[in-house]
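Asks: got a predicted model here, sequence first, then my questions.
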Amino acid sequence: MRAFIKFNKGMMRLPIQWRLWLLLLVTANLIVPLLHLHRLEAQVVIGTLLISMMLMTGLTALTGFTHLLGLGHILWVPLLYWLWTRLGQIPPDEVFGIWIRALMILNALSLVIDVIDVARFVKGEREEVVKGLA
């Protein structure tokens, strides 16, 4: 429970631009899919986000609120591939199709940021990104 609290405190103490980015990701990966819950793709997106959040909470317990948290989105790689294989069945001019394509772009951009963060951790930047979360 402490790691969950620390993880959420860390997210809320990030600079405003990162909090806005996180809000956009949560909106795309949790809020919007609730409107399409009857679709398998939306269910998988929500499930993947929830598992990713659990993974990031576990990483917070192990290393603190560090750059290694980028590893928490590792499941977005197979998610994006799976969604890509389904694009032919999802019309691009419908609200659902627009959301899927926007989600894929946002999550792919997030993965680029995550790769940079994890690389920073591997190279030795292991201090907590947000201080004073204990």
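Replies: Here it is on my side, so go on.

Asks: for whatever helix or strand R101 lives in, which positions count as buried?
Replies: Assigned by DSSP states H and E, R101 belongs to helix 95-122. Judged by neighbour count (16 or more other C-beta atoms under 10 Å), helix 95-122 contains these buried residues: 96, 99-100, 103-104, 106-107, 110-111, 114, 117-118, 120-121. Quick note: C-beta positions are derived from backbone N, CA and C, even for glycine.

Asks: any chance of the residues you listed in TSV with distance to T57 as columns?
Replies: Output for the buried residues of helix 95-122, formatted as TSV (distance: C-beta to C-beta, whole Å):
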residue	distance to T57
F96	30
W99	26
I100	27
L103	22
M104	25
L106	22
N107	19
S110	18
L111	19
D114	16
D117	17
V118	17
R120	20
F121	17
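
Asks: need the residues you listed in CSV (columns: distance to L79 and pLDDT).
Replies: Listed next are the buried residues of helix 95-122 as CSV, based on distance: C-beta to C-beta, whole Å; pLDDT from 0 to 100:
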residue, distance to L79, pLDDT
F96, 16, 98
W99, 14, 98
I100, 11, 98
L103, 9, 98
M104, 9, 98
L106, 12, 98
N107, 7, 98
S110, 11, 98
L111, 10, 98
D114, 13, 98
D117, 19, 97
V118, 18, 98
R120, 24, 98
F121, 22, 97
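
Asks: how many other residues sit next to H73?
Replies: 24 (other C-beta atoms under 10 Å).

Asks: give me the packing partners of the helix holding R101, helices and strands only.
Replies: Applying 3 or more C-beta pairs under 8 Å, 6 or more residues apart in numbering; DSSP states H and E, one finds that helix 95-122 makes contact with helix 16-26, helix 32-34, helix 40-63, helix 76-86.

Asks: wait, which of these is closest to K6?
Replies: Nearest of the helices and strands packed on helix 95-122 to K6, taken as C-beta to C-beta: helix 40-63 at 5.4 Å.

Asks: average pLDDT for the closest one?
Replies: In this model, helix 40-63 has an average pLDDT of 96.

Asks: how far away from the center of its chain is that helix?
Replies: 8 Å (C-alpha atoms, centre = their mean, to the nearest Å).

Asks: hmm, who's touching it?
Replies: 2-4, 6-7, 10, 26, 29-30, 33-37, 66, 68-69, 71-76, 79, 82-83, 86, 90, 100, 103, 121, 126 (C-beta atoms under 8 Å, 6 or more residues apart in numbering).
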